[in-house]
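Colleague: okay, structure incoming, though there's no sequence with it:
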């Protein structure tokens with residue numbers, strides 16, 4: 001079996017892969033857009049690929065059966081020819097779940113304790129401990145989660161520890177974890193929005209989720225509710241969100257991902273009150289590289305054994 005790698009990887013990891021089997025040939029070709037000939041030559045007879053592929057390389061890949069993508073969200077990875085091919089694609093789903101959930105729940109706690117207002121007071125050197133602060137008790141509140149995959153479940157666990165009522169929707173999952181009070185199909189989105197005090201988006205980008213949250217959905221939420229997005233930016237229509245915030249249709253928002261990235265410096269969202277913005281950093285963690293390799297190594301071993309890799313994606317849905 002020949003495994004071709006064009007994603008950056010530590011040389012130590014390459015040797016670990018080679019040690020899996022004497023039948024495994026591992027070839028590393030750096031991703032060089034100016035000189036693609038070495039990669040195109042090697043992919044011709046490769047059985048598996050870790051890294052990136054395009055239409056040109058797919059056309060010459062005569063033996064390719066499996067691709068391990070280095071990403072979790074594949075909305076910019078699964079092009080039509082790859083979708084139509086018989087090649088199995090797996091992703092990095094699951095390796096970011098805990099730290100993305102930490103980021104989302106950090107947003108939630110900050111909004112519940114009115115930290116945006118208090119941080120503004122700090123910036124103004126203003127001591128105003130009772131200046132119309134809106135402090136919330138989590139045990140009184142309902143947490144709605146859009147997408148109950150690995151990230152969504154970790155958010156649910158954190159909310160349950162705080163005594164929150166947990167609602168969730170998911171297009172695939174039907175087994176309700178004990179931490180979750182109600183698990184519905186995505187057709188119940190409006191019900192979740194209407195009943196939740198915090199709505200946390202943990203869904204991937206798919207043809208169905210793109211633009212899912214617009215003005216109609218924001219108007220369905222409570223005027224006292226908050227929207228948090230650590231999933232994909234294009235799920236939330238930013239113009240509609242700004243309108244909802246400026247007209248107090250919702251109480252506030254916290255975003256790590258955006259419909260347009262980077263968020264333009266003149267975008268009105270920067271000036272909206274009771275909003276927390278972070279620059280797509282929720283997935284940053286000191287353990288990410290090690291976790292990515294652990295999954296790659298496990299899937300290479302499974303492929304060698306003739307087994308299905310973990311995290312096989314539905315290429316038409318990009319996850």
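Modeller: Yep, it's here. Keep in mind that this is a model prediction, so the values were computed, not measured.

Colleague: can you give me the helices in the stretch 101-250 of the chain?
Modeller: 115-123, 150-161, 189-195, 215-220, 238-246 (DSSP state H, counting those that start in this stretch).

Colleague: which one of those helices lies nearest to residue 293?
Modeller: helix 150-161 (18.1 Å; CB to CB). Just so you know, the C-beta spots here come from the backbone N, C-alpha and C atoms, and that holds for glycine as well.

Colleague: please identify the buried residues of the host helix or strand of residue 17?
Modeller: Here residue 17, judged by DSSP states H and E, is contained in helix 11-18. For helix 11-18, a neighbour-count test (16 or more other CB atoms under 10 Å) marks 13, 14, 17 as buried.

Colleague: how close does the first one get to residue 77?
Modeller: Using CB to CB, to the nearest Å, one obtains 21 Å as the distance from residue 13 to residue 77.

Colleague: burial measure for the residue nearest to residue 157 when sequence neighbours are not counted, as a count.
Modeller: Leaving aside its sequence neighbours, residue 157 sits nearest to residue 179 (CB to CB, 6 or more residues apart in numbering; 5.4 Å). By other CB atoms under 10 Å, the residues close to residue 179 number 17.

Colleague: what about residue 179, distance to residue 186?
Modeller: Counting by CB to CB, the gap from residue 179 to residue 186 is 20 Å.

Colleague: go on, residue 124?
Modeller: 43 Å.

Colleague: which one of these two has more residues nearby?
Modeller: residue 186 (16 against 9).

Colleague: surely the more buried one meets residue 171?
Modeller: Yes - using CB atoms under 8 Å as the test, residue 186 is close enough to residue 171 to be in contact (5.0 Å).

Colleague: what sits in contact with each of these two?
Modeller: residue 208 (CB atoms under 8 Å, 6 or more residues apart in numbering).

Colleague: spatially central residue in the chain, please.
Modeller: When CA atoms, centre = their mean is applied to the chain, the residue found nearest the centroid is residue 231 (4.2 Å).

Colleague: now that residue: how far from residue 165?
Modeller: 21 Å.

Colleague: look up the pLDDT of residue 132 for me, please.
Modeller: Note on residue 132: pLDDT of 84.

Colleague: how many neighbouring residues does it have?
Modeller: Around residue 132 there are 7 residues (other CB under 10 Å).

Colleague: now residue 87
Modeller: For residue 87, using other CB under 10 Å, the count is 18.

Colleague: list the contacts for it?
Modeller: Counting by CB under 8 Å, 6+ apart, residue 87 has contacts 64, 65, 66, 67.

Colleague: and the residue lying farthest from the centre of the chain, what does it touch?
Modeller: Distance from the C-alpha centroid of the chain, by CA atoms, centre = their mean, peaks at residue 127 (38.1 Å). Contacts for residue 127 (CB under 8 Å, 6+ apart) come out as residue 121.

Colleague: domain ranges for this protein, per the record?
Modeller: For the chain, the domain assignment from automatic domain parsing gives the residue ranges 2-94+286-304, 97-277.

Colleague: same list as before, those that is, but in JSON lines and with distance to residue 311 included.
Modeller: Converted to JSON lines, the domains of the chain look like this (distance: least, CB to CB, whole Å):
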{"stretch": "domain 2-94+286-304", "distance to residue 311": "4"}
{"stretch": "domain 97-277", "distance to residue 311": "10"}
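
Colleague: among the contacts of residue 87, who's most crowded?
Modeller: That'd be residue 67 among these, by other CB under 10 Å, with 25 neighbours.

Colleague: quick one: stretch 253-270 to chain centroid distance?
Modeller: Relative to the chain's own centre, stretch 253-270 is displaced by 17 Å; criterion: CA atoms, centre = their mean, to the nearest Å.

Colleague: any idea of the mean pLDDT for that stretch?
Modeller: Here the average pLDDT along stretch 253-270 is 97.

Colleague: all strands of the chain, in order?
Modeller: Along the chain, the segments classed as strands by DSSP state E run 2-5, 25-28, 48-50, 66-68, 88-90, 142-146, 165-169, 182-184, 198-201, 226-229, 252-255, 275-277.

Colleague: list the helices and strands the fifth one packs on?
Modeller: Right, strand 88-90. Here strand 88-90 touches strand 66-68, going by 3 or more CB pairs under 8 Å, 6 or more residues apart in numbering; DSSP states H and E.

Colleague: the strand it packs on pairs with which strands, and in what direction?
Modeller: strand 48-50 (parallel), strand 88-90 (parallel) (DSSP bridges).

Colleague: circling back to that earlier point, and the pLDDT at the residue nearest to the centre of the chain?
Modeller: Predicted confidence (pLDDT) for residue 231: 97.

Colleague: which residues touch it?
Modeller: Residue 231 is in contact with 146, 147, 151, 201, 202, 203, 204, 205, 209, 257, counting by CB under 8 Å, 6+ apart.

Colleague: could I get those residues in CSV, plus columns for distance to residue 8 and neighbour count?
Modeller: Below are the contacts of residue 231 laid out as CSV (distance: CB to CB, whole Å; neighbours: other CB atoms under 10 Å):
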residue, distance to residue 8, neighbour count
146, 32, 27
147, 29, 28
151, 25, 30
201, 30, 26
202, 27, 28
203, 28, 28
204, 23, 21
205, 24, 21
209, 29, 24
257, 23, 23
